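**Q** Sequence first, then the predicted structure, then my questions.
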Amino acid sequence: MKVLIVVLLIFAPTAWGGDWINLWPGEAPGAKRPSAGTETGGSNWRFSHIEVPQYSLFPAEKPNGTGVVILPGGGYANLAADHEGRQVAEWFAKRGVTAMVVKYRVSANPALGYHYPVPQMDVRRAIRTMRAMSVKWAVDVGRIGVMGFSAGGHLCSTAVTMFDDTFKQETRDPIDLVSCRPDFGILCYPVIAMGQPYCHGGSVRNLLGLEPSQELLDRNNTASRVTRRTPPIFLVHSADDRAVPLRNGTDFAAACAEKGVPVTCHIYAKGGHGYGLGRTGESQKWPARLEDWMRSYGWMD
């Protein structure tokens, strides 16, 4: 394993706090790269029509060996990568956790071909990259988690349930041979259901297309994909969430409980949707509960 990691250092250069670097050294698999100028946003860390999947690394101020891959939300159409990305990464870095914000491929334009499993390949690659770069980044290969908000929460839920799936489009280069199973998952007001009355229609459409088959809907309804190998889960949601109804989160939590997966939930009466690390009211306290949870597992000092 040590020999493999040393070899992998050649394949994955490092980006630091605000710089972006490609997840793959060449063409990313799964969809053709769109023409230059397709991607919009960036100045405020809100992106659309992603051209190239990338990551930005936020090294811990005093590394404790834990790493986390962060997936901003945006309905699989946009990425709200400031309050659900950069701010979160900085919060982790101050607490000893090395964080990676992922600019995974999303677009509301179906012509770009960013349907399942393109975003899934991006998050798997990000987890594998952090694990491959563990020595250089002072991260323990057995202490790498994934965190997602809203549609990024759905992508996170696929990472903690679909890690044994195989996608023929993946490159199978040295990094793609590394395990993509996270050691923990943090789901924040996550999209979970696909094809149900309480699903988030925009996320379903942008990820699966206008008329997805029932088989495709079932495959991506991640509450049904939980197994005993799903890692420990922390989940936060709000009862007054009108964008992604609470049942999305509770369905996933119930599935974890049924399979014997350790799951910790914090459900707030008020909070709405898209609050990142918190705005006002009782949901503002949830990051402190996340700290408690991570300390209980030894992932945060």
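**A** That came through fine.
**Q** ok, for residue 56, nearest residue in space, not its chain neighbours?
**A** residue 101 (4.9 Å; CB to CB, 6 or more residues apart in numbering). The way it works is simple: take the backbone N, C-alpha and C, and place the C-beta from them, glycine included.
**Q** Point me to the helix or strand that includes that neighbour.
**A** strand 98-103 (DSSP states H and E).
**Q** Give me the average confidence score over that strand.
**A** Averaged across strand 98-103, pLDDT comes to 98.
**Q** In the sheet, which strands lie alongside that strand, parallel or antiparallel?
**A** If you go by DSSP bridges, strand 98-103 pairs up with strand 54-58 (antiparallel), strand 65-71 (parallel).
**Q** ok, and which of the ones you listed has the densest surroundings?
**A** Highest mean neighbour count among the strands paired with strand 98-103 (mean count of other CB atoms under 10 Å): strand 65-71, with a mean of 27.
**Q** so what's residue 264 up against?
**A** 232, 233, 234, 235, 293 (CB atoms under 8 Å, 6 or more residues apart in numbering).
**Q** Kindly recompute the last result at 10 Å.
**A** Residue 264 makes contact with 186, 232-236, 253, 256, 289-290, 292-293, 296, according to CB atoms under 10 Å, 6 or more residues apart in numbering.
**Q** Could you identify the longest strand within the protein?
**A** Using DSSP state E, we find that the single longest strand of the chain is strand 139-149.
**Q** list the buried ones in that one?
**A** For strand 139-149, a neighbour-count test (16 or more other CB atoms under 10 Å) marks 139, 141, 143, 144, 145, 146, 147, 148, 149 as buried.
**Q** Show me which pair in those is furthest apart.
**A** 141 and 149 (25.2 Å; CB to CB).
**Q** re earlier: report the two of the contacts of residue 264 separated the most.
**A** Greatest spatial distance among those (CB to CB): 256 and 292, at 18.5 Å.
**Q** With neighbour numbers in mind, choose between those two.
**A** When neighbours are counted by other CB atoms under 10 Å, residue 256 and residue 292 differ, and residue 256 comes out ahead with 26 against 12.
**Q** and that one, helix, strand or coil?
**A** Under DSSP: H, G, I helix; E, B strand; the rest coil, residue 256 falls in the helix class.
**Q** What's the local residue count around residue 93?
**A** Around residue 93 there are 19 residues (other CB under 10 Å).
**Q** again with the one 3 residues further on
**A** Burial of residue 96 is recorded as 18 neighbouring residues (other CB under 10 Å).
**Q** Surely it touches residue 63?
**A** Yes: here residue 96 lies in contact with residue 63, judged by CB atoms under 10 Å, at a distance of 6.1 Å.
**Q** before we move on, back to that, CSV for the buried residues of strand 139-149, including pLDDT and distance to residue 87?
**A** Output for those, formatted as CSV (pLDDT from 0 to 100; distance: CB to CB, whole Å):
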residue, pLDDT, distance to residue 87
139, 98, 21
141, 98, 27
143, 98, 22
144, 98, 21
145, 98, 18
146, 99, 17
147, 99, 13
148, 98, 15
149, 98, 11
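**Q** From those residues, pick the one nearest residue 263.
**A** Closest to residue 263 out of those is residue 145 (14.0 Å), distances taken as CB to CB.
**Q** Contact partners for the closest residue to that closest one other than its chain neighbours?
**A** Counting by CB to CB, 6+ apart, residue 184 is the residue found nearest to residue 145 once chain neighbours are left out, at 3.9 Å. Residue 184 makes contacts with 66, 68, 143-147, 160, 231-234, 262, 293-294, 297, 299, as judged by CB under 10 Å, 6+ apart.
**Q** mind saving the C-alpha coords of stretch 126-141 as CSV?
**A** C-alpha atoms of stretch 126-141 as CSV (Å, rounded to 0.1, in the frame of the first residue of the first chain):
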residue,chain,number,x,y,z
ALA,A,126,-12.5,12.9,-5.2
ILE,A,127,-12.6,10.3,-2.3
ARG,A,128,-10.0,8.2,-4.1
THR,A,129,-7.8,11.3,-4.7
MET,A,130,-7.8,12.2,-1.0
ARG,A,131,-7.0,8.6,0.0
ALA,A,132,-4.2,8.4,-2.6
MET,A,133,-2.7,11.7,-1.4
SER,A,134,-3.0,10.8,2.2
VAL,A,135,0.7,10.9,3.0
LYS,A,136,1.2,14.3,1.4
TRP,A,137,-1.9,15.8,2.9
ALA,A,138,-1.4,14.3,6.4
VAL,A,139,-4.7,12.4,6.2
ASP,A,140,-5.3,8.9,7.5
VAL,A,141,-6.6,6.5,4.8
